[in-house]
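K.L.:
build me a structure from this.
(3 chains)
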Amino acid sequence: MRIKLSDAVVVVTGASSGIGRATVESLVGAGSTVVAVARRDAALQELADGFDRDTRERIHLEVADVTDAVAVDRISRETVERFGKVDAWVNNAAVNQYGRFEEVPFDEWQRVVETNLFGYANGVRAVLPWMREQGYGTIVNVGSILSKAPAPLQSAYVASKYAIRGLTESLRQEIQDAKDIHLSLIMPGPVDTPLFQHAANRTGWRIKPPEPTVDAARVAAAVVKNIVRPRREVPVSASTRPLLLFTRLLPGTTERLAARPMVASHLTDEAQAPSAGNLFAPVPHGTGVSGGWKPSRAGRPGRTLAVVGGVGAAAATAILATRRAA
Amino acid sequence: MTGPAPAPAATPRWQLASAGRWRVASRVWEPPTARGGRPVVLVHGLVVSGDYHVPLAERLATRRSVHAPDLPGFGRSADPPLERALPTRDLARALIDWCDAGGLSDVALVANSFGCQIATEAVLRRPDLAGALVLLAPTMDPRARRYGEQLRRWRMEMKTQSGALQRLMVRDYLRAGIPRALVTFRHAMHDRIEQRLPHLDLPALVVRGTNDPIVEDQWAAEVADLLPRGELRRLPGATHAVNHEQPLQTARVVAAFLDEVDATDPGRRAAA
Amino acid sequence: MTSPPPFVADFDSATAMAQATAAALRGEDWPALGNPRVLEPPVSLANLIPRKAREQLFIVSGALETTSPKKMGGIDLDEIGEWLLELYPDRPYPAVGLGSSSGAAVYLNAALGTPWLPQTVFLPVRQPVHPDDPTSAMESGIEAGRALLDANPDWQLHHMHDANQDRLMVRILTYFRVKRRNLGGGYEQFIADRLPPGGTLLLYECRTTWNTTRIGERHVFQHGAVGGATEQEFHEGSERVEDYLERYDSPKRRWDGPEPDTLSPEAEWGFEEALRDDVLRVARERRYRVRRIVFEGPDDLSPLVADLYRWWYRRRRIPSNRLMVSSFVINDPYRALRTGSVPYWMRFNMLPSVDALRRFLDEREPFDDIHLALFQHGVDAVGIPSPDDWREVLARARREGSTLGADLDEFPHDFAHYARYSRALEKLAPTYPLPGPLSIEEFDEFLAQAGPYEHVEIEDVEPDGDRRRLVA
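P.N.:
Just a heads-up that it's a prediction; the model follows:
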């Protein structure tokens, strides 16, 4: 059962900015009917208004918080009642918090895990029974390279992204009986989206993504491709593959050596007052696809140690050192 | 609709009824547990019979009783006694008489294609007949009411049909005979559905598959607009004979609509 | 880190505090007064030398740093501004501090991640004069002072002579303390480059004054300085002064200084108000808020800063029961933050400082650990505390009181302490990662819930002129 994008009904969460927004735009462009879910009514309206009147018919907006299981259930059910089917569900809504685990307000830490993990669980639980009744469907979980390789100062986010991978793999085993229902995990490296501006920040420094970032549109393209041709795990961006390789081959060494470059590559040298970001209430600014992180805005060179460069060189040195010692 | 439905309902019962001057064969499905929802009467389209409604009927029948009559001259029903082929208004008459004979009133009339023309005519004459109306892929757009255009569209539609549907249609056409088919088609072309619609004051749902070559989106929207309480639903990826080709998709949308109508109906709320 | 211009004293409190602040902003510690680690072993052996010889060494090390009075006309004080531009990391800041010196301010600026530009800088000028002859000292400074001020119209000169605490030094040099009157010479450039509009200027204003003798329009002579002896004792003598002069084999039993005729800001610590006008001008032009932090004496700010650190640690869920008492120029805010220590700064190491520290401890929740880092100035001056005075303070720790390597019985001659104290600091545990800067918003939050502080006023001046009291 091959899904055809021009006939498909797809639900996308976290649709008002970043990867979600780019995914909505890509799907609508391919002819799909899209249910766009986000907390920000105004941002969703703005997204929909960007299309002409006829195309606008194929976009349906839902204002909801993915941690609200009842609302997510309702959206899934109403999508099926309205369009008769749901071909794919893209779990993408995510938030982040920067700061040391020992020091950050714990209600914020929990909120990150709640949104990122429970939000996805709610989505899968809401849509899976309908896909079973149909006999087919694709669930795309947007994870991260941080689903497999750790980074300091984002423990809640990393924990939740690892958890999402675990959830996806475990479920995949459970639904083996349904041959045409697929679960896909997308693992982008740092993406140029407003997530970095929206994140809660308790470090005292302004946050930026490590260089180089990948366009959200490219991640969206991977998501859309996976709806039609689902694969288990899809890393997206040039820098992820080497880091994933190092993590698999030398997990302990990579964990140790990557810590400092990871910190340096995420923090600028500009002070910033602490904030809870968009964790508990959506923030009105930052509604585009891009976060404006392409080179001119990224911040001073002093802190843009590329993770791979740092880790790669360090790991290579470590390997050579152990060889020499042996 | 509270959740995905259980497996399709058990086999239907065949019935043969005398209604007025007609003898009508029909199937009926009863839901496993009586729910008190409005019974559904499925009205078939041009030349086909209730056979092609079976996939939709099975899925609707999990929660409500469903009837699929073969109109006179089609399927297993007897030929009309006098004419070769009945005009639309008489097909509507037959439908009304059969419902009366079976004690069916205040039903949910669910029609496909040309059957929408029949159903709307029936409701116009007998408003008490139906409490809800569902028009799946309604014909006929006044702008396309030309033989050449219709032929072109029907040919495109045939390309979208599944093998099962094609076989079914061949069987039904053989049963009805080509002459009846042609005459019925001519009657359909003369019928003006758009004139009736504004007078049908009941909850109505218009459903159009986005890949339907016969019913254009603009026309479907117009139908919904003309109906005083009409709503439009688009089924992405669905074609024309949605009741047979996309039965689950259709059933979900139709059942949700009927559930809502039942829930807001003061008379039925106690029963449901 | 770059060195200050050669005409500035290495043991100038202001430049030392600037350097300690800059080190903290770089996430580096500031060991042994900025002297490189490699000198530590020799210095730690210094206590093996007899005391008199040690004193000579101290004098000689000071003599290496003086400028000849004939060269005063060739000094360009703008080099100080240039040095400051290089000293601090070149990046935008949410706030910039400037004005009077205070060790408490060093810790405050380090917490906020803000640089601090000193108003006052110390130039040691070579001049062999008897320490107990202040009038000769004043007279020999007149020519040199005029030459310096002619060459530097933005500055004013406070010529200081203190035969009490600085007894060792004044034999060979005299203290020219210069104060900026406006924001020229690199200061305004620093602010314009690194403080975006909407930022805050932290203006430190110390109200300490002294009765001085006016020499010229921008030149006064100050007999005495803030320390163990009072101003009155300098002008009029006392029993303590008599004992002290006898102990040091002086021909005099009191000091005969010139008659004072002008009240001026104190040479080392006091704030020259002319600077404020220029600060307010820049603030209006570039939409800065000016936060005036006004205090009577430089250590009046210490309780507030100590409380701020304690509040901040509690927010970060770090236990805040370690007190690090620092004195004069022995400040290492990086180390304080890494060890989760609450810093309390003493202006010097004399009895008034001990009394203030005792009052602070009386009014606060007890600390588990108390560490003392004592400046050693090598003179048993008037008003010096005894080793038992220090021991009494240390006894207030619930668990451990330490001197971070100092030998209290050698106080104030334990020069080897400078080397040992850094190592002692490094051994403190547990340690914590260096936090990101405290935001101005969080500082406001702290001030809103903090009570009044004696002799401290904080007032915000908005770019449009509105004023708002934060601490009264």
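K.L.:
pLDDT wise, what is residue A:151 at?
P.N.:
Per-residue confidence (pLDDT) for residue A:151: 90.
K.L.:
now the closest residue to chain A within the stretch 351-472 of chain C, nearest residue through space, not along the chain?
P.N.:
Residue nearest to chain A within the stretch 351-472 of chain C: residue C:436 (2.0 Å; CB to the nearest CB). (Glycine included, C-beta is placed from N, CA and C.) Nearest residue to residue C:436, sequence neighbours excluded (CB to CB, 6 or more residues apart in numbering or on different chains): residue A:204, at 2.0 Å.
K.L.:
tally of neighbours for that neighbour?
P.N.:
A count of nearby residues for residue A:204, using other CB atoms under 10 Å in any protein chain shown, gives 21.
K.L.:
quick one: it and residue A:274 touch, right?
P.N.:
Yes: using CB atoms under 8 Å, residue A:204 makes contact with residue A:274 at a distance of 6.9 Å.
K.L.:
which residues do these two both contact?
P.N.:
residue C:439 (CB atoms under 8 Å, 6 or more residues apart in numbering or on different chains).
K.L.:
pLDDT weak spots in the chain?
P.N.:
Let's take chain A. A:238-240, A:295-326 (pLDDT under 70).
K.L.:
I was thinking of chain C, sorry if that wasn't clear
P.N.:
In chain C (pLDDT under 70), the answer is C:1, C:31-64, C:165, C:168, C:228.
K.L.:
for it, give the residue positioned nearest to chain B.
P.N.:
Closest point on chain C to chain B, by CB to the nearest CB, is residue C:317, at 45.7 Å.
K.L.:
assign the residue nearest to that residue when sequence neighbours are not counted to helix, strand or coil.
P.N.:
Counting by CB to CB, 6+ apart, residue C:317 lies nearest to residue A:103, which is 5.9 Å off, once chain neighbours are set aside. Secondary structure for residue A:103, judged by DSSP: H, G, I helix; E, B strand; the rest coil, is coil.
K.L.:
check contacts around residue A:103.
P.N.:
Here residue A:103 is in contact with A:202, C:316-318, C:435 (CB under 8 Å, 6+ apart).
K.L.:
now flag whichever of these is closest to residue C:157.
P.N.:
residue C:435 (40.8 Å; CB to CB).
K.L.:
ok, the closest one touching residue C:338?
P.N.:
No: applying CB under 8 Å, one finds residue C:435 not in contact with residue C:338, separated by 9.8 Å.
K.L.:
what about the residue lying closest to residue A:134 once chain neighbours are set aside, how many residues close to it?
P.N.:
Nearest residue to residue A:134, sequence neighbours excluded (CB to CB, 6+ apart): residue A:85, at 5.9 Å. Neighbour count for residue A:85, taken as other CB under 10 Å: 27.
K.L.:
part of a helix, is residue A:85?
P.N.:
No: judged by three-state DSSP, residue A:85 forms no part of a helix; its state is coil.
K.L.:
so it sits against residue B:247, correct?
P.N.:
No: counting by CB under 8 Å, no contact exists between residue A:85 and residue B:247, whose distance comes to 11.4 Å.
K.L.:
which residue ranges of chain B form strands?
P.N.:
B:13-19, B:22-29, B:40-43, B:66-69, B:107-112, B:130-136, B:204-209, B:230-235 (DSSP state E).
K.L.:
same deal with the stretch 1-150 of chain C?
P.N.:
Using DSSP state E, counting those that start in this stretch, the strands of the stretch 1-150 of chain C run over C:95-99, C:116-118, C:120-126.
K.L.:
do the same with the stretch 51-200 of chain A
P.N.:
Under DSSP E, counting those that start in this stretch, the stretch 51-200 of chain A gives strands at A:59-63, A:88-91, A:97-98, A:137-142, A:181-188, A:191-192, A:200-201.
K.L.:
pairing partners for the fifth one, with directions?
P.N.:
In other words, strand A:181-188. Note on strand A:181-188: by DSSP bridges, its sheet partners are strand A:137-142 (parallel), strand A:233-236 (parallel).
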